[in-house]
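S.K.: Have a look at this prediction, sequence included:
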Amino acid sequence: MNNIKEYIPIANIPEHTDGLFNSQSVQWLIRNRFQNGLHPYCKKVNGRLFINAKGFENWFEEHSA
């Protein structure tokens, strides 16, 4: 089970990844989350989208070229 503190706002991903992803690339990833496999790590609360930081890191490691 995921800890609620592991979820960060989507807008914070660029700073969480030290600039590896810019805001445009994050928006593209989120728009395509059902195709790229990110959807299990995303939660929508009161119209805001959050992502599990550890899940995102695991997804990134699995999908790295």
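M.R.: Done, it's in. Numbers count the residues shown, from 1 in each chain.
S.K.: where does this structure dip in pLDDT?
M.R.: Within the chain, the segments meeting pLDDT under 70 span 1-2, 65.
S.K.: which ones are touching the residue nearest the centre of it?
M.R.: Most central in the chain under CA atoms, centre = their mean is residue 51, positioned 4.3 Å from the mean C-alpha point. Counting by CB atoms under 8 Å, 6 or more residues apart in numbering, residue 51 touches 7-8, 10, 13, 30, 38, 41-43. C-betas here are computed from N, CA, C, even on glycine.
S.K.: again with residue 20
M.R.: The contact partners of residue 20, taken as CB under 8 Å, 6+ apart, are residue 14.
S.K.: Check residue 48 too.
M.R.: Residue 48 makes contact with 9-10, according to CB under 8 Å, 6+ apart.
S.K.: measure it to residue 15 for me?
M.R.: As judged by CB to CB, to the nearest Å, residue 48 and residue 15 stand 17 Å apart.
S.K.: Same question for residue 26.
M.R.: 11 Å.
S.K.: Could you verify that residue 50 is part of a strand?
M.R.: Yes: applying DSSP: H, G, I helix; E, B strand; the rest coil, one finds residue 50 inside a strand.
S.K.: Which strand residues bridge residue 49?
M.R.: Note on residue 49: beta-bridge partners residue 44, judged by DSSP bridges.
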